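# Predicted coordinates and the sequence they were generated for:
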Amino acid sequence: RTIELLSLADAPFYKSLVEDVYRHVFNRPAPEYGFRKPTEPLLNQQWITLTDSDADPFDDETEYRVHDIQLEAIEHPIDSALEPFSDYLRTELQSNFPEVESEQRAFIHRRFATTARELDVPNSSQIATRHYQYILESINSEDIETRIYFGHHLREQEKTKEAIEQGEFLTESLTEDIKNGRDDAEVYYFRGGARGETGDHEGAAKDFSAAIERGLDDAATYSGRGLARLKTGDNEGAAKDFSAAIERGRDDAAIYSTRGFARLNTGDNEGAAKDFSAAIERGRDDAEVYFSRGTARAESGSFEGAVEDFEQALAIDPEDGSALRASAEAKIAHGNVRSALEDAQEANRLADSDDDHAVSLLLLLIAKTLLELSVTDEERDYRTVCGKEFNAGWDLGILDSWLQRVDLTDEKRDRITELLDLYREH
């Protein structure tokens, strides 16, 4: 896997670099080339493959040249090789390969850092940081792409102040370039990314638009403008931009989940649910994406699927109060009242704000009313909370719609209506 990272940098000195890495990282000569039949591990893991002809390398009848490192790498643990390879790249790449231009060396370090960020191994985040810093300190302090990637990385590490500093540096530099007459698409594209890092999302959207007007018609530019529009509340525009990015080749979990959020905010619940499903199919597997799809499904009336999604979210994060409340609400609408009561009770136990307490108690009281259970203590608590000043954040639309269609006695309907109106006052 260590050597696999080299395949990301299409360097002309590949063979020499592989041999040198072997000497410095593995303390032995690189193996000789040899013929190997295609094997499933190689095809699935996308190891570096060298071919001698134009023959299809995935044809079972084809023999092609493949470095022996591929066979060893399958069993080689990432965490024991990433660190020494990282140290080698930072300290010896320039001296061992002086013919490599600064731009190419920066490219290799940047791609290595970006890939390290994606590896779930010890110290991968710190390793990525060291390589971004190495580029800026030892190769080119004004490297635009590095500062953008480094800014994203810092924000992922919740180092917001440092991320903003990177964005501000780039914004000032690129603005000066524009004042001095630069007017190409790329300068606006990069300033759009930098402005986004500083929180100037309106400015970022304008810059991405300027890049598009100047002919930059690719997925990255539309994705950037989509994110900026999403941040400014232009959900419809954001959804259109994410669709344009997908049409231009983006097909990863992130683009579908972000379009899902935009569609959810516009009320396109069915479209949002499809997007969250697409994100899950492409590898996203966290509580947020299941909660979001559950919300979209519940809003469109697909309560059985919504309950399944909320339960999946709670399997990942059992103390997610929002998921517990959403699950209780969907179960009430779906008719699984006793399970809804359990979720509402747990949500109330975990609630840490007046609004969370109010919603949890409201759902609990509705469930107990339907089950004809005693509600004396919980109703007192609910009325006490509703007597306080707080801003209600829960949309009662699902419960209002359910109440209109459900078959209840007049007494139960009136009681639940009064409970809803108490919360609605906030």
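Right, received. Where do you want to start?

# ranges for the strands of the stretch 101-250 of the chain?
Here the stretch 101-250 of the chain has no strands by DSSP state E, counting those that start in this stretch.

# what about it, any weak spots by pLDDT?
Scanning the stretch 101-250 of the chain for pLDDT under 70 picks out 119-121.

# Identify the residues contacting stretch 217-226?
Contact with stretch 217-226 is made by 189, 192-193, 196, 204-205, 208-209, 211-212, 237-242, 244-246, 248-250, 255, 258-259, 262, as judged by Cβ atoms under 8 Å, 6 or more residues apart in numbering. Heads up, the C-betas are built off the backbone N, CA and C, glycines and all.

# Buried subset of those as a ChimeraX selection?
Those of those that count as buried under 16 or more other Cβ atoms under 10 Å are selected in ChimeraX with:
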select :189,192,193,196,204,205,208,209,211,212,237,238,239,240,241,242,244,245,246,250,255,258,259,262
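
# The contacts of stretch 217-226 in helices, which ones?
Using DSSP state H, the subset of the contacts of stretch 217-226 located in helices is 189, 192-193, 196, 204-205, 208-209, 211-212, 237-242, 244-246, 255, 258-259, 262.

# how close does the residue nearest in space to the middle of the chain get to Thr115?
Nearest to the mean C-alpha position of the chain, by Cα atoms, centre = their mean, lies Ala254 at 5.0 Å. Taking Cβ to Cβ, to the nearest Å as the measure, Ala254 falls 16 Å from Thr115.

# do Gly393 as well
Taking Cβ to Cβ, one finds Gly393 at 40 Å from Thr115.

# Those two: which is more packed in?
Thr115 (18 against 12; other Cβ atoms under 10 Å).

# quick revisit: against Asp184, how distant is the residue nearest to the centre of the chain?
27 Å.

# now swap in Lys368 and tell me
Applying Cβ to Cβ to Lys368 and Asp184 gives a distance of 66 Å.

# Those two - which one has more neighbours?
The neighbour count for Lys368 versus Asp184, taken as other Cβ under 10 Å, is higher for Lys368 (18 against 13).

# which residues does the residue nearest to the centre of the chain contact?
Contacts of Ala254 (Cβ under 8 Å, 6+ apart): 279, 284.

# do that again at 7 Å, thanks
By Cβ atoms under 7 Å, 6 or more residues apart in numbering, Ala254 lies in contact with nothing.

# cool, and Arg195?
Arg195 neighbours (Cβ under 7 Å, 6+ apart): 167, 171, 203-204, 207.

# Mind picking the two most distant members of these?
Gly167 and Asp207 (12.2 Å; Cβ to Cβ).

# tell me the SS of Gly301?
coil (DSSP: H, G, I helix; E, B strand; the rest coil).

# ok, so what distance separates it from Ala333?
8 Å.

# Could you do Gly151 as well?
Applying Cβ to Cβ to Gly151 and Ala333 gives a distance of 43 Å.

# Those two: which has the busier surroundings?
The neighbour comparison of Gly151 against Ala333 (other Cβ under 10 Å) goes to Gly151, with 26 against 21.

# now that one, nearest residue through space, not along the chain?
Among residues not flanking Gly151 along the chain, Gln166 sits closest, at 3.9 Å (Cβ to Cβ, 6 or more residues apart in numbering).

# ok, Gly393 - contacts?
Asp355 are the contacts of Gly393 under Cβ under 7 Å, 6+ apart.

# now do Glu168
Taking Cβ under 7 Å, 6+ apart, one finds Thr198 in contact with Glu168.

# same thing with Asp381?
Contacts of Asp381 (Cβ under 7 Å, 6+ apart): Leu361.

# The helix or strand hosting it: what's the following helix or strand?
In this assignment (DSSP states H and E), Asp381 forms part of helix 376-386. Per DSSP H and E, the first helix or strand lying C-terminal to helix 376-386 is helix 397-405.

# C-terminal to that following helix, what's the next element?
Using DSSP H and E, the first helix or strand after helix 397-405 is helix 410-424.

# tell me which residues in that following helix are buried?
Buried, per 16+ other Cβ under 10 Å, within helix 410-424: 415-416, 419, 422-423.

# Kindly report the same for stretch 151-169.
151-155, 162-169.

# Just the closest of those to Glu288, please.
Arg155 (16.9 Å).

# Please name the residues that touch the closest one.
Ala163.

# Could you measure from it over to Gly196?
Where Gly196 is concerned, Arg155 sits at a distance of 10 Å (Cβ to Cβ).

# Identify the contacts common to the two.
Joint contacts of Arg155 and Gly196 (Cβ under 7 Å, 6+ apart) do not exist.

# so the residue nearest to Gly151 touches Glu145, yeah?
No. Using Cβ atoms under 7 Å as the test, Gln166 is too far from Glu145 to be in contact (11.7 Å).

# so Glu308 sits in a strand?
No. Going by three-state DSSP, the assignment for Glu308 is helix, not a strand.

# Identify the residue nearest it in space, chain neighbours excluded?
Gly294 is the one closest to Glu308 (Cβ to Cβ, 6+ apart), at 7.7 Å.

# Let me know the angle separating whichever strand or helix holds that neighbour from helix 397-405.
Using DSSP H and E, Gly294 sits in helix 287-299. For helix 287-299 against helix 397-405, the angle by axes from the mean of the first three to the mean of the last three Cα atoms, to 10 degrees is 30 degrees.

# Let me see the mean pLDDT of helix 287-299.
Across helix 287-299, pLDDT averages out at 97.

# Mind giving me the packing neighbours of that helix?
On a contact count with 3 or more Cβ pairs under 7 Å, 6 or more residues apart in numbering; DSSP states H and E, helix 287-299 meets helix 253-266, helix 269-281, helix 303-316, helix 321-334.

# at 6 Å instead, please
Secondary-structure packing of helix 287-299 (3 or more Cβ pairs under 6 Å, 6 or more residues apart in numbering; DSSP states H and E): helix 269-281, helix 303-316.

# export it as CSV, just CAs?
Written as CSV, here are the backbone C-alpha positions of helix 287-299 (Å, rounded to 0.1, in the frame of the first residue of the first chain):
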residue,chain,number,x,y,z
ALA,A,287,-25.6,8.3,11.5
GLU,A,288,-26.1,11.6,9.7
VAL,A,289,-26.8,10.1,6.3
TYR,A,290,-29.3,7.6,7.7
PHE,A,291,-31.0,10.3,9.8
SER,A,292,-31.2,12.5,6.8
ARG,A,293,-32.7,9.8,4.6
GLY,A,294,-35.1,9.0,7.4
THR,A,295,-36.2,12.6,7.6
ALA,A,296,-36.8,12.8,3.8
ARG,A,297,-38.8,9.5,3.9
ALA,A,298,-40.9,10.7,6.9
GLU,A,299,-41.6,14.0,5.2
